[in-house]
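Novice: Sequence plus the predicted model coming up.
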Amino acid sequence: MLMKLYFARLERLVSNMANFTKRLRNLGLRKNRVRAKVSGTAERPRLSVTISNKHISAQIIDDVKKHTLASATTVGTKQSGTITEQAVLIGTDIAKKAKKAKITTVVFDRNGRQYAGRLSALADAARAEGLEF
């Protein structure tokens, strides 16, 4: 009886890990598909957005020079509110930093994520501050 429970739990654990690796592989495939089409230049750098379960970060990158021009993140800050509200703050912050660096237009890199929810809130906030993409 005890061995049956042990093997049932082990099967469930292996199944969950298989699903997790499948999701990570699919995310990587989507990310590579987006990056094959999106590249930042000096005239129009790339706005790359990374969203985890706890934090959001955005970078404006010149891929030709391989140089980060501006960045904003929630890591190390004491911001409160939901992740979507934090995404709006990061969107406005990155747009202000881009304006300070004299960047008006960017190419949006969603990093394989679906354009909805938090990602959409960040993009709308950046557009409201005057960043064009």
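Specialist: Here it is on my side, so go on. This one's a predicted model, so the numbers in the text were calculated from it and none came from an experiment.
Novice: Now the spatially most central residue of the chain: closest residue in space, sequence neighbours ignored.
Specialist: Nearest to the mean C-alpha position of the chain, counting by C-alpha atoms, centre = their mean, stands T50 at 2.0 Å. Nearest non-adjacent residue to T50, counting by C-beta to C-beta, 6 or more residues apart in numbering: S57, 5.0 Å away. C-betas here are computed from N, CA, C, even on glycine.
Novice: ok, now how distant is that neighbour from A126?
Specialist: In this view, S57 and A126 are 13 Å apart by C-beta to C-beta, to the nearest Å.
Novice: what about the two, which has more around it?
Specialist: For S57 and A126, the more surrounded residue by other C-beta atoms under 10 Å is A126, and the numbers stand at 28 against 16.
Novice: okay, and for the chain, where does confidence drop off?
Specialist: 1-8, 10-11, 13 (pLDDT under 70).
Novice: What segments of it are helices?
Specialist: Along the chain, the segments classed as helices by DSSP state H run 2-37, 83-100, 118-128.
Novice: any chance of those helices in CSV, with distance to L69 too?
Specialist: Formatted as CSV, the helices of the chain follow (distance: least, C-beta to C-beta, whole Å):
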stretch, distance to L69
helix 2-37, 18
helix 83-100, 8
helix 118-128, 14
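Novice: hmm, back to that, could you pull up the contacting residues of the residue nearest to the centre of the chain?
Specialist: Shown here is T50, whose contacts under the criterion C-beta atoms under 8 Å, 6 or more residues apart in numbering are I56, S57, A58, N111.
Novice: Touching, the second one and T74? I think so.
Specialist: Read it as S57. Yes. Using C-beta atoms under 8 Å, S57 is in contact with T74, at 7.2 Å.
Novice: From the contacts of T50, which land in strands?
Specialist: Using DSSP state E, the members of the contacts of T50 that fall within strands are I56, S57, A58.
Novice: Among these, which one lies nearest to K65?
Specialist: Using C-beta to C-beta, A58 comes nearest to K65 of these, at 18.7 Å.
Novice: So for the closest one, what's the nearest residue that isn't a sequence neighbour?
Specialist: Nearest non-adjacent residue to A58 (C-beta to C-beta, 6+ apart): I94, at 4.4 Å.
Novice: Kind regards, and thank you for your time.
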